[in-house]
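# Need coordinates for the following:
(4 chains)
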2 protein chains.
Amino acid sequence: MPSDIVLIRPSTTEAADGIEKALSSHLFLIVIGKCQVEYRGRARSKLPGGERVLLVKEDGSILIHRKKDYSPVNWQPPGSLFYSEVHDSLLKIRALRRQPHESLEIEFESVRLVAGLALRDEAEFVLHADEAEMKRAVLLKPALIMEGFSPSESEKPLDSGFIDLYGKDAAERQVVVEFKKDTASKEAVLQLSRYINELRARIPHRTFRGILAAPALRKDANRLLKTFGFEFVRLDPRQCAEIISQAPPSLTLTKYLSQ
Amino acid sequence: MPSDIVLIRPSTTEAADGIEKALSSHLFLIVIGKCQVEYRGRARSKLPGGERVLLVKEDGSILIHRKKDYSPVNWQPPGSLFYSEVHDSLLKIRALRRQPHESLEIEFESVRLVAGLALRDEAEFVLHADEAEMKRAVLLKPALIMEGFSPSESEKPLDSGFIDLYGKDAAERQVVVEFKKDTASKEAVLQLSRYINELRARIPHRTFRGILAAPALRKDANRLLKTFGFEFVRLDPRQCAEIISQAPPSLTLTKYLSQ
DNA sequence: ATATGCATGTCGCAC
DNA sequence: GTGCGACGTGCATAT
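Residues are numbered from 1 along each chain as shown, chains lettered A, B, ... in the order given. Reported below is the predicted structural model:
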C-alpha cells in the first residue's frame, strides 16, 4: 500500500508531516503520544498532559481515548474541519465544528506512533432485534399482542408523544401498544399512561386498553401497571427475529399498515 | 519502553503472539486488519469482512471502529474478558461480558498493524458548565432564580423522580426548580409537572411554584409552560461558570445546603 | 432546519 | 447489585 504511513517515535516535526499527508489524503489517522486537550463549545473541558490515542477519520470525526473507559474523553462528530501546525516543537491539532460552534484543541509534546492508513471496507452492518423489529414482527403477526388484535396506525402522534402502535381488539376497543426491547421500567408505564390519559380526555366515551409489550417487566413497572390497569405482553426478541426472517425484508411499516 | 509492541504487516500467528503479550501485560492494544465481527447479547449484529481498527484497553473495554462515524460499530464496555486463538491462520478474539451476558467475536484474516503500548496518563479531566455547575451557581447565588429564593434540598426524592432543587420564595411559597443545561424542551416541562402534581396531591393547602432554569426555551416548551402556569428563568452558562470560579471549589452540594 | 425518541447507549450516584 | 437521570450524549426519522 504506497499511501500507508507508519512513523515510530517521530519528532513532532516529522509527525506533523505525516499527519498533514494523512489528513489531506483522507486516511484513517492514528496518533499516539503525550498531549493536552481543551474543548470549548456546548460546555468546556480541560485535560492536562498525558499519553493518549487520537483517531481521526475521513468523514471528519475525531476521538481521543485514554487508557481506560469505553467512551472517548474528548471528541468531535463527523463533519469537523481539521487544522494542524507545529510551533516550538509543539504539534497542535484543532478540530472545528459549526452548528453547534465548538472546537477541540490537542497539543502534542511528544509522539510515540503515527499511522495513516486507507481502510478498505464496503461491508454492510446488520443489527437485529431492536424496537423496530419488534413492531415489524407484531405487524406480521398481530396475535403476538392478543388474539384478534388489528393494528391501524404506527407512531400515531399525540400532544404527549407518539404511540408506538395503535389499533383495535376483537371487541372493537381501542388498543395502545408501547414497545420496549429490554426489561420495561416505570418510565415505559408512565409513557403509556400519558397517551391513554390524553386519549380518554379527547374521546370520553371510548374504552382504551394500554399494552406494554417487552421481553420482561421490572418490579416497579409491574406495580405501576396494575395501578393504571394496563396489561403486559411478553415479547421474546428471538421469536420476533424469527418471524421477521420468514418475511420479505423490504416491506416498510407504512406498507404493512396500508395493505 | 521495553514493553512496547509494534508489528507491521505480521502474519496472523505473529500478530496473535503480540496480542497475547499485550493482553496479559494489560497494555493499550491496537489491531488494524481485515476482519469480520459478530455480536450476541442485548441484540445481535453481523459485520462481514473489511478493514477496521480494534482498540482494547486494560480495563476490559473493547472498540471496533470503521473508516467513518463517531461511534464504534461494535464494542464491549469495561469489565469484559478476552480470549484469543489462531486457527487455520484465522486470528480470533472474543470479548465476553456477564451481566448482561453478551459476547463479541472478531475474526482477523490479515493484520496490517499491531501496537501494544503502556500509556502513562494520570491527569485529571475537568468538565465545566454542566447541570451540576448550574445548580452550584444557584446555591452560591440564589437570586439567580429570584430575589429572596432560599434553597433547602437538592435532588429531593419523590415517587415520580427527583427534584433538582427545592426551596422557598420570599413569601414562603414552595419552589421547585428543574435545571437544563441546554435549550429546554417539552420533556423538561412535563418532568416539572410530574413533580408539582405529586406535591399538590400530597400537600393540598400549599402553593407550589414551578421554575424551569435553562439557557433557553424551545417554542413547544414555552407553550406548555404557560399551560401549566410555570415560570422560566434564563441561566447563562458563562455567568454560572464565573460565579463558580469565584468560590472555593471543594464545597459539596450537601455542605452548601447545611451551612 | 427543527423536533422527537431510540440506543447493545454509557456513566455516575444513591439506595 | 438495582434504580434513576444526565450526557458536550449521537443518531435516524418525520415534519
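# Now do the contacts for residue A:193.
A:210, A:228, A:230 (CB atoms under 8 Å, 6 or more residues apart in numbering or on different chains). No exception for glycine: its C-beta is placed from N, CA and C like everyone else's.
# ok, so of those residues, who is nearest chain B?
residue A:228 (13.5 Å; CB to the nearest CB).
# nearest residue to the closest one other than its sequence neighbours?
Closest residue in space to residue A:228, ignoring its immediate chain neighbours: residue A:193 at 5.2 Å, by CB to CB, 6 or more residues apart in numbering or on different chains.
# The one you found and residue B:202: what is the separation?
As judged by CB to CB, to the nearest Å, residue A:193 and residue B:202 stand 19 Å apart.
# secondary structure element for the residue nearest to residue A:228?
helix A:186-202 (DSSP states H and E).
# so, in contact with DNA strand D or not, that helix?
Yes: judged by CB under 7 Å from any atom of the strand, helix A:186-202 and DNA strand D are in contact via A:186, A:187.
# List the contacts of the residue of chain A found nearest DNA strand C.
Relative to DNA strand C, the nearest point of chain A is residue A:161 (2.8 Å; CB to the nearest atom of the strand). Listed by CB under 8 Å, 6+ apart, the contact partners of residue A:161 are A:191, A:194, A:195.
# one step back: got the contacts of residue A:193 as TSV, with distance to residue B:45 and pLDDT columns?
Output for those, formatted as TSV (distance: CB to CB, whole Å; pLDDT from 0 to 100):
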residue	distance to residue B:45	pLDDT
A:210	32	92
A:228	35	85
A:230	32	90
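# which ones among those are found in strands?
Among the contacts of residue A:193, the residues falling in strands (DSSP state E) are residue A:210.
# Between the contacts of residue A:193, identify the one with the most neighbours.
Among these, residue A:210 has the most neighbours (other CB atoms under 10 Å in any protein chain shown), with 23 neighbours.
# correct me, but it touches residue A:228?
Yes: between residue A:210 and residue A:228 there is a contact under CB atoms under 8 Å: 6.7 Å.
# joint contacts of these two?
A:192, A:193, A:196.
# and which of those residues is nearest to residue A:165?
residue A:192 (11.7 Å; CB to CB).
# ok, the closest one - how many residues close by?
With other CB under 10 Å as criterion, residue A:192 counts 26.
# mind checking the backbone torsions on the spatially most central residue of chain A?
Residue closest to the average C-alpha location in chain A (CA atoms, centre = their mean): residue A:130, at 11.5 Å. When quoted as degrees, to the nearest 10, the phi and psi of residue A:130 stand at phi -100, psi -170.
# about what we covered before: and the contacts of residue A:161 as JSON lines, adding pLDDT, neighbour count and distance to residue B:220?
Listed next are these as JSON lines, based on pLDDT from 0 to 100; neighbours: other CB atoms under 10 Å in any protein chain shown; distance: CB to CB, whole Å:
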{"residue": "A:191", "pLDDT": "84", "neighbour count": "20", "distance to residue B:220": "17"}
{"residue": "A:194", "pLDDT": "84", "neighbour count": "18", "distance to residue B:220": "15"}
{"residue": "A:195", "pLDDT": "85", "neighbour count": "23", "distance to residue B:220": "17"}
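# restrict those to those near chain B?
On the criterion CB under 8 Å from any CB of the partner chain, residue A:194 are the entries of those that sit beside chain B.
# could the contacts of residue A:161 go into JSON lines alongside distance to residue B:96?
Below are the contacts of residue A:161 laid out as JSON lines (distance: CB to CB, whole Å):
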{"residue": "A:191", "distance to residue B:96": "34"}
{"residue": "A:194", "distance to residue B:96": "39"}
{"residue": "A:195", "distance to residue B:96": "39"}
